[in-house]
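# Have a look at this prediction, sequence included:
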Amino acid sequence: MRTNAHTVYQAIADSDFDVIVLVQTWLISCFYDAEYFDTSHLQVFRKDGDSVNTQRSRVVGVIIAVRRNFYCK
């Protein structure tokens, strides 16, 4: 996902899913939700990998994106 932000953004924008789950994202906190999702339509929940505590340069992460017309917290 790190190098394909535009491709991921466009594929998600063209879809009609209410909930999107992505695993093994390999993202860290310096990557912004808006690079991958239209955040005006999707609420994004992320758990990025922890490269500091694991001392690894690439770490696994997960994203759940939910359409804003659904209540979630």
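Okay, I see it.

# Could you use CA atoms for every contact and neighbour count after this?
Will do.

# Would you point out which residue is most central in the protein?
Ile63 (4.4 Å; Cα atoms, centre = their mean).

# per-residue pLDDT, the residue nearest to that one when sequence neighbours are not counted?
Leaving aside its chain neighbours, Ile63 sits nearest to Arg46 (4.5 Å; criterion: Cα to Cα, 6 or more residues apart in numbering). Note on Arg46: pLDDT of 93.

# and what of the one 3 residues further on?
Confidence per residue is given as pLDDT, and for Gly49 that number is 76.

# Next: the one 4 residues further on.
Listed pLDDT for Asn53 reads 62.

# Equivalent analysis for the one 3 residues further on, please.
We note a pLDDT of 62 for Arg56 in this prediction.

# now His41
At His41, pLDDT is 94.

# Isn't it up against Ala34?
No - using Cα atoms under 8 Å, His41 is not in contact with Ala34, being 10.7 Å away.

# As a check, name the ranges of all strands in the protein.
For the chain, the strands defined by DSSP state E occupy 19-23, 42-47, 62-67.

# packing partners for the last one?
With contacts defined as 3 or more Cα pairs under 8 Å, 6 or more residues apart in numbering; DSSP states H and E, the secondary structure elements packing on strand 62-67 are strand 19-23, strand 42-47.

# so how far is the first one from its chain's centroid?
Right, strand 19-23. On the basis of Cα atoms, centre = their mean, to the nearest Å, strand 19-23 sits 8 Å off its chain's mean C-alpha point.

# Measure how buried Asp33 is and give me the count.
Neighbourhood size, Asp33 [other Cα atoms under 10 Å]: 19.

# residues touching it, list them.
39, 44 (Cα atoms under 8 Å, 6 or more residues apart in numbering).

# Look up the pLDDT of it for me, please.
Per the predicted model, pLDDT is 93 at Asp33.

# in the helix ranked longest in the chain, what counts as buried?
Identified as the longest helix of the chain according to DSSP state H is helix 5-13. Buried residues in helix 5-13, defined by neighbour count with 16 or more other Cα atoms under 10 Å: 5, 8-9.

# same check, this time on stretch 31-38
Buried, per 16+ other Cα under 10 Å, within stretch 31-38: 33, 36-38.

# Sweet, I'm off.
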